[in-house]
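Novice: Structure for the following, please:
(one chain, ligands or ions: 2)
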Amino acid sequence: MKEIILCKYGEIVLKGTNRPHFEAMLSRELKGRAKRHGGFNVHTAQSTVFIEPLDEFSDIDGMFESCLSVFGIVAAVKACVCEKTPEAIYDAVREYLPEKLEGVRTFKVEAKRSDKRFPMTSPEISREVGGVILDTVRGIKVDLHEPEVTVRVEVREEYAYVHAGQAKAAGGIPVGSSGRGLLLLSGGIDSPVAGYMMAKRGMSVQLLHYDSFPYTSERAREKVMELARIISPYTCTRQACVISLTKIQETIRDNCDEDYFTLLLRRFMMRIAEMYAKDANCGALITGESLGQVASQTTEAITVTNNIVTMPVFRPCIGLDKEEIVTVARKIGSFETSIQPFEDCCTVFTPRHPRTRPELAKLLAEEAKLDFEALAKEAFDNREYIKLF
Ligand code: ATP
Ligand code: MG
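Specialist: Ligands and ions are numbered 1, 2, ... in the order given. Below is the predicted model:
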């Protein structure tokens, strides 16, 4: 009995003439993961990716788990492959399904026949297979309306496939199909979620973290790298860039009006991010800002921190409540790490009265006290790269 993985795609089927481009991205990502799980043959047909183990060293459970975080796939299931005859299908049902249906009380069968030469119609297949299951699995009942598990039989071009309990996958569109974006990643709750959301819409997410050593610790940096690892199954990121803002922050502290510290710093963060984004071939910046959440996230504050860059800045959390952001953070597994209490560069030298309605002229006057471009360039030139794996 041969078991394979079937992945169904979602939005890609709507892509018309661009569809092969999206399929190629998806296939490339799955092939990369297949290598890490011991080797699989990956091929695409009829809106489905077929992932077949090469030999006994192929870790099908590990690969299956991995498929669930690949954007572009809406559902995945492990399936038994059999010859396209009614008898072979019934045998597969008897041999393969009892373990999958252990402890299950109700089921229904859905059959799909893309090969119309097969001698039974889909309703006939469903009825017969249902009968075989009732004979084989003790205590199970049919429930056509709210079954605990749906068993599916697919009669396709070459073979038939039998499976039960399809899992919901990540949805979205393949990473890379929407170009590259640079995520400003902090140790908070919002920015890992923002990276996840943009990767879901096909962005290949590069990472930039700012620290302020020795005001921020080595552990604080390690926490951010851990967050980067946690979101990496979705974002497919393998390294992060870290830039120190220490000198910039000390210079601001020594020269500027305290009320403007945060906004001045945020303008540096945006400007340096844009320098790095251009260097790393990214077409957009991504932040975890959410409107009104803190003083630097009012419309007025965002206006003055945004206008130092020309690249689009994507803020996928902008309209989400904290609670909604937390729900996503829990789903992707970043929440518990995000809430560990470590300092961030933004919490170093924070003003007592940060400006929520900054005056641009006053801000620019404060900024003019510094050699903005030279400080930004120096910070950028001293960037470091950290391998995540
Ligand atoms: P988060 O929960 O993502 O930290 P926040 O609500 O704490 O967000 P801010 O600290 O104002 O808000 O940061 C707003 C955004 O700026 C973050 O979502 C992130 O994209 C970026 N950012 C903040 N701190 C850093 C940092 N140390 N390195 C890189 N980007 C940062
Ligand atoms: Mg933060």
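
Novice: what ranges do the helices span in the chain?
Specialist: Taking DSSP state H as the criterion, the chain contains helices spanning 19-36, 60-67, 86-100, 122-136, 190-200, 218-235, 246-255, 261-279, 299-306, 322-332, 335-338, 360-367, 372-381.

Novice: quick check: angle from the second one to helix 218-235?
Specialist: Taking axes from the mean of the first three to the mean of the last three C-alpha atoms, to 10 degrees, one finds helix 60-67 and helix 218-235 inclined to each other by 100 degrees.

Novice: hmm, back to that, would you mind saying which of the helices of the chain lies nearest ligand 2?
Specialist: helix 190-200 (7.0 Å; C-beta to the ion). No exception for glycine: its C-beta is placed from N, CA and C like everyone else's.

Novice: State the pLDDT value of the residue in the stretch 101-250 of the chain positioned nearest to ligand 1.
Specialist: The minimum distance from the stretch 101-250 of the chain to ligand 1, using C-beta to the nearest ligand atom, falls at residue 188 (2.1 Å). We have a pLDDT of 96 for residue 188.

Novice: quick one: contacts for it?
Specialist: By C-beta atoms under 8 Å, 6 or more residues apart in numbering, residue 188 lies in contact with 288, 338, 344.

Novice: May I ask which of those has the most neighbours?
Specialist: Taking other C-beta atoms under 10 Å as the neighbour criterion, residue 288 ranks highest of these with 25 neighbours.

Novice: orientation of the longest strand seen in the chain relative to helix 60-67 in degrees?
Specialist: Of all the elements of type strand in the chain, the one with the most residues (DSSP state E) is strand 73-82. Inter-element angle recorded for strand 73-82 and helix 60-67: 160 degrees (by the same axes, to 10 degrees).

Novice: how big is the angle separating strand 73-82 from helix 19-36?
Specialist: With the same axes, to 10 degrees defining the directions, strand 73-82 sits at 70 degrees from helix 19-36.

Novice: the inter-axis angle of strand 73-82 versus helix 86-100?
Specialist: If you take the same axes, to 10 degrees, strand 73-82 sits at 120 degrees to helix 86-100.

Novice: What mean pLDDT does strand 73-82 get?
Specialist: The average pLDDT within strand 73-82 is 97.

Novice: If you count neighbours, what's buried in that strand?
Specialist: Applying a neighbour-count criterion of 16 or more other C-beta atoms under 10 Å, one finds 73, 74, 75, 76, 77, 78, 79, 80, 81, 82 buried in strand 73-82.

Novice: near ligand 2, which residues of the stretch 101-250 of the chain?
Specialist: 186, 188 (C-beta under 5 Å from the ion).

Novice: ok, now with 8 Å
Specialist: Those residues of the stretch 101-250 of the chain that sit near ligand 2, judged by C-beta under 8 Å from the ion, are 186, 187, 188, 190, 191.

Novice: before we move on, the earlier item: the longest strand of the chain pairs with which strands?
Specialist: Paired with strand 73-82 in the same sheet, following DSSP bridges, are strand 2-9 (antiparallel), strand 160-164 (antiparallel), strand 167-171 (antiparallel).

Novice: winner for burial among the ones you listed?
Specialist: Using mean count of other C-beta atoms under 10 Å, the stretch among the strands paired with strand 73-82 with the greatest mean number of neighbours is strand 160-164 (a mean of 23).

Novice: hmm, who's touching that one?
Specialist: Here strand 160-164 makes contact (C-beta under 8 Å, 6+ apart) with 4, 6, 77-84, 88-89, 92-93, 96-97, 100-101, 107, 129, 149-154.

Novice: Isn't residue 74 up against residue 9?
Specialist: Yes. Counting by C-beta atoms under 8 Å, residue 74 touches residue 9, with 6.4 Å between them.

Novice: For ligand 1, see how far away the residue of the stretch 1-150 of the chain found nearest ligand 2 is.
Specialist: Using C-beta to the ion, the point where the stretch 1-150 of the chain gets nearest to ligand 2 is residue 69, with a distance of 24.6 Å. Plainly put, residue 69 is 21 Å away from ligand 1 if you go by C-beta to the nearest ligand atom, to the nearest Å.

Novice: which residues does that residue contact?
Specialist: Shown here is residue 69, whose contacts under the criterion C-beta under 8 Å, 6+ apart are 169, 170, 233, 234.

Novice: contacting residues around the third one?
Specialist: Just to be clear, that refers to residue 233. With contact set as C-beta under 8 Å, 6+ apart, residue 233 has these partners: 66, 69.

Novice: burial measure for residue 285, as a count.
Specialist: 23.

Novice: Show me what it bridges to in the sheet.
Specialist: Here residue 285 sits in beta bridges with residue 182, residue 313, going by DSSP bridges.

Novice: now the end-to-end length of stretch 343-358.
Specialist: For stretch 343-358, the separation between the terminal residues is 25 Å (C-alpha to C-alpha, to the nearest Å).

Novice: before we move on, the earlier item: ok, which of the contacts of residue 188 also contact ligand 1?
Specialist: Contacts with ligand 1 are made by 288, 344 out of the contacts of residue 188, judged by C-beta under 6 Å from any ligand atom.
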